[in-house]
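Asks: sequence and predicted structure, then a few things I'm wondering about:
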2 protein chains.
Amino acid sequence: MSRRRDLSALFQPGSIALVGVPRGFEPGRVFLQGLLDQGYAGKIFPVNPRADFIDGLRAYPSLKEISGDIDLAILLVPAPLVLAALEQCGEKKVKAAVIYTSGFAETGDGEGKRREEEILRAARARGISLIGPNCMGIYDPSHRLAFFPGLPREAGKVGMISQSGSLAILFSRMAETRGIHFSKIISSGNESDLNSSDFLTFLGEDPQTEIIGAYLEGVKDGPAFLGALREVARKKPIILWKAGRTPGGGRAAFSHTGSLAGSRMAWEALKQQARVLMARDAEEFLDFLTVFHYLPRRRGKRMAILSGPGGPAVAAADACEEFGLEVAELEEETRKELKKIIPQTGTSVRNPVDLGLASVFQVDLYGRSAEIVGRDPGVDTLVLQGRGATAELDYRYANGVIEAHRKIGKPFIAISLGGMYLEDKSKKALLEAGIPIFPSAERALWAYSHLTRYGEK
Amino acid sequence: MSRRRDLSALFQPGSIALVGVPRGFEPGRVFLQGLLDQGYAGKIFPVNPRADFIDGLRAYPSLKEISGDIDLAILLVPAPLVLAALEQCGEKKVKAAVIYTSGFAETGDGEGKRREEEILRAARARGISLIGPNCMGIYDPSHRLAFFPGLPREAGKVGMISQSGSLAILFSRMAETRGIHFSKIISSGNESDLNSSDFLTFLGEDPQTEIIGAYLEGVKDGPAFLGALREVARKKPIILWKAGRTPGGGRAAFSHTGSLAGSRMAWEALKQQARVLMARDAEEFLDFLTVFHYLPRRRGKRMAILSGPGGPAVAAADACEEFGLEVAELEEETRKELKKIIPQTGTSVRNPVDLGLASVFQVDLYGRSAEIVGRDPGVDTLVLQGRGATAELDYRYANGVIEAHRKIGKPFIAISLGGMYLEDKSKKALLEAGIPIFPSAERALWAYSHLTRYGEK
């Protein structure tokens, strides 16, 4: 069992001080821009002794000069000044601090390590919870918190921990193209105080969070993390991208966040843990998130493929069988019904159902075929690779598919080949109707096969 | 040795008849639109007994009515009318025909098979070379031939064979986003007469073609194909995506193009053939094309990674070692030079060189670091994951990298994370400077590792 800490000051702060926020166009500025951009409703106190106003907000020379309470401090000052800033936080009774500043344990030298120990001691002595150092902190769109401008304002059901700040930013944007949004993203950096185990436990209990994702380079207390993981995995699916798997990656992880990549953690053994999915890279991570986000956990393996292009249909059939799924055998009746509506030549009424080139003009064929195939009791899930020849036809294609999906009630997966099939408007409509979109049938089926295995346990 | 056939009428026709081109917005129309869109300079004769003009061109009721010579006929008439069209082609001394029409051997019934044998006999008796049936035929931008509107007009050095017409279209567009263009794409369909072995031999001898790609579902004469493959692979790299690998995929391949997917061909054994790369899907196919298109064939495995975001740098280091490449050890001198220019904290001068978050503002760091790292004799190739915080900075980033690339003369690979890093203008500049762009370091390094293995043989 991992210890539980009160993290409300971090996720629901009524006021935030940005200590050392720069006047100019410099890195630390993004924290202020992020809060303004999200429309953070609490008080923001920029702290900078060399400015009176920053972005229209009154700036304070130090924390002491601020008259109101401060729930959360985000420290952007250089490393040698962090300790003093924490001492000021203590005087102002600040409950939590995010330390963006780097130059601590990740430097690999004695000074950095000592400095990190020092700030941790200072924070603990004052009852301040720390995130970082060397991190971006909290993105929580439902509380309008963000560490960077331009992050999606819509909140969703995925909670994420990232030991990389850049990936935290990138994932929020990449996921949005799949119609996926986050309850929280926590960029945790060096994890001197609050660490991945704490956040995992927190997300496990967070009612907004239904799926958990994590990009990790290492954990400091392997057994504690494993304990948290086991506990949380019982309730929610966890998708884990572990970097620093090789000696070269491990060295890089240490320079990046001071993580001891292999430390006492049997990462490899986690692959056997059915309720934790190990992703190998960003694309697979996103693909796994997508199936869990859109599709039911318990679903069979009998896939129907409905395709306009013939080549990708053949490849999709290969992928089914190579990934442990099945190319569903369609009933006689289903094939008869299909024969009535689709052109006689250049097509196939066997699964994969090939609607032929003409389907890009006669887009209604998709919805109608999807309905026929979807009714077949031998089919669990439909994969659709189609489109219209023009933007208008494409949108009609999407709406036909959406209507069939609503009528049939089985999972549908849409493919935008190479990301180039389907117009933006059509993509949006499909995603909003609960139909996920993948750049290839192979990637969709690979992720789906992991979903079915998860469902079996 | 495979037989050699004169294919000049197919690739350099002075005149083309489109037999059965529809008046309306129907599939066959794309062939006419494709030629007009490319600005085909020869004569185009639409043949349609129910139209006087199509797209401003005079239409003819039949081939007989055309007074000039016809080099190539593209047959778009329904399957039962193909034989008669071929007979007319014979009377007009047409040298080659592309048969778009489907409804032949791929139907799997006796009638389709008989019909395909019939047209083959008719063509051979009249000395007509056939592509298809059930295909799109030829895309050859340097002769302004296309089977679909909107295909790139720029010619390149990749020659491609595709048994899927849809993929032929899709690849031309997907490849363009990587700055890759084609000498020819041949969509070969059922391959009743001219087949993949013929086209492979042709592309092997084509001076415009330096790299060969093929999407295949099956070949009819395994030993002939293997012979052609061995011969051509000696001269040019071949990247092969074989679909129909599984029983389900094989059945789909048969319905699609009548291919016998497994027929007497030891596809698996080809993986041992060092000079033929087997791709598993469209993304890998494109990634392999990209490394061969941009990078020298003989290049070492010592990779330097230059990154702004830290997480993806760690992941890139993992990928290097997992794929049999090396994370280059930088010389003391190189690290000293780097230390002089990059910020002290939140960065690393060891490989992966982590330039930290500030690099998106101080974009010149990239070019300058790339030059320092590129000069290190222990580095063979550089992978760069960077960008600028604004479109303008992004373009400055790209230009700094391009200048370093020019000075150093070693291969550079740029990463646009999730396809979302880097502005379009910057991407274009990088590609034009000979720097390929991949959506992740993992995919780049995977493809690069195959390139180095190719170079070793």
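Replies: All right, it came through fine.

Asks: kindly export the lowest-mean-pLDDT helix or strand in chain A (C-alpha atoms) in PDB.
Replies: When each helix and strand of chain A is scored by mean pLDDT, DSSP states H and E, helix A:267-270 comes last, with a mean of 74. C-alpha atoms of helix A:267-270 as PDB (Å, rounded to 0.1, in the frame of the first residue of the first chain):
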ATOM      1  CA  TRP A 267      10.000  -3.800 -15.800                       C
ATOM      2  CA  GLU A 268      10.200  -6.800 -18.000                       C
ATOM      3  CA  ALA A 269       8.000  -8.800 -15.700                       C
ATOM      4  CA  LEU A 270       5.300  -6.200 -16.000                       C
END
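
Asks: confirm that residue A:272 sits in a helix.
Replies: No: membership of residue A:272 in a helix is not supported by DSSP: H, G, I helix; E, B strand; the rest coil, which gives coil.

Asks: any idea how far chain B is from it?
Replies: Noted for residue A:272: a distance of 20 Å to chain B, by C-beta to the nearest C-beta, to the nearest Å. The C-beta positions use only the backbone N, C-alpha and C, and glycine is treated the same way.

Asks: then residue A:190?
Replies: 11 Å.

Asks: and that residue, that's in a helix?
Replies: No: looking at residue A:190 with three-state DSSP, it is coil, so not inside a helix.

Asks: what's the pLDDT at residue A:415?
Replies: pLDDT, residue A:415: 96.

Asks: hmm, it is touching residue A:444, no?
Replies: Yes: the pair residue A:415 and residue A:444 qualifies as a contact (C-beta atoms under 8 Å) at a distance of 6.4 Å.

Asks: common neighbours of the two, please.
Replies: When C-beta atoms under 8 Å, 6 or more residues apart in numbering or on different chains defines a contact, the residues bordering residue A:415 and residue A:444 alike are A:383, A:438.

Asks: neighbour count winner among the two?
Replies: residue A:415 (28 against 25; other C-beta atoms under 10 Å in any protein chain shown).

Asks: from residue A:384, how far off is the more buried one?
Replies: 7 Å (C-beta to C-beta, to the nearest Å).

Asks: ok, residue A:222 next?
Replies: Plainly put, residue A:222 is 44 Å away from residue A:384 if you go by C-beta to C-beta.

Asks: spell out which parts of the stretch 301-450 of chain A neighbour chain B.
Replies: For the stretch 301-450 of chain A, the contact set with chain B under C-beta under 8 Å from any C-beta of the partner chain comprises A:308-322, A:326-327, A:344-348, A:350, A:352, A:354, A:356-358, A:360-361, A:389, A:417-421, A:439-440, A:442-443.

Asks: let's see 6 Å
Replies: Within the stretch 301-450 of chain A, the positions adjacent to chain B are A:309-311, A:313-315, A:317-318, A:320-322, A:327, A:345-346, A:348, A:350, A:352, A:357-358, A:417-418, A:440, A:442 by C-beta under 6 Å from any C-beta of the partner chain.

Asks: in strands only, show me the residues you listed.
Replies: residue A:327 (DSSP state E).

Asks: who's in contact with the residue of the stretch 251-400 of chain A found nearest chain B?
Replies: Closest residue of the stretch 251-400 of chain A to chain B, C-beta to the nearest C-beta: residue A:311 (2.5 Å). Contacts for residue A:311 (C-beta atoms under 6 Å, 6 or more residues apart in numbering or on different chains) come out as B:164, B:166, B:167, B:215.

Asks: can we see that at 10 Å?
Replies: Residues in contact with residue A:311 (C-beta atoms under 10 Å, 6 or more residues apart in numbering or on different chains) are A:354, A:385, A:417, B:162-168, B:170-171, B:187, B:215-217, B:241, B:243-244, B:252-253, B:256-257, B:282.

Asks: repeat for residue A:125
Replies: Neighbouring residues of residue A:125 by C-beta under 10 Å, 6+ apart: A:86, A:87, A:90.

Asks: mind giving me the domain ranges of chain A?
Replies: Listed domain ranges for chain A are A:8-131, A:137-293, A:297-456 (source: automatic domain parsing).

Asks: what about the second one, how long is it end to end?
Replies: Between the start and the finish of domain A:137-293 there is a gap of 24 Å, counting by C-alpha to C-alpha, to the nearest Å.

Asks: hey, which strand is longest across chain A?
Replies: Longest strand in chain A, counting residues (DSSP E): strand A:155-162.

Asks: name the helices or strands packed onto the following helix or strand past that strand?
Replies: In the C-terminal direction, the helix or strand that comes right after strand A:155-162 (DSSP states H and E) is helix A:165-176. Secondary-structure packing of helix A:165-176 (3 or more C-beta pairs under 10 Å, 6 or more residues apart in numbering or on different chains; DSSP states H and E): strand A:137-139, strand A:155-162, strand A:182-187, strand A:211-216, helix A:282-294, helix B:310-322.

Asks: so how far is the second one off the chain centroid?
Replies: Going by C-alpha atoms, centre = their mean, to the nearest Å, the spacing between the C-alpha centre of strand A:155-162 and its chain's C-alpha centre is 6 Å.

Asks: brilliant, that's me finished.
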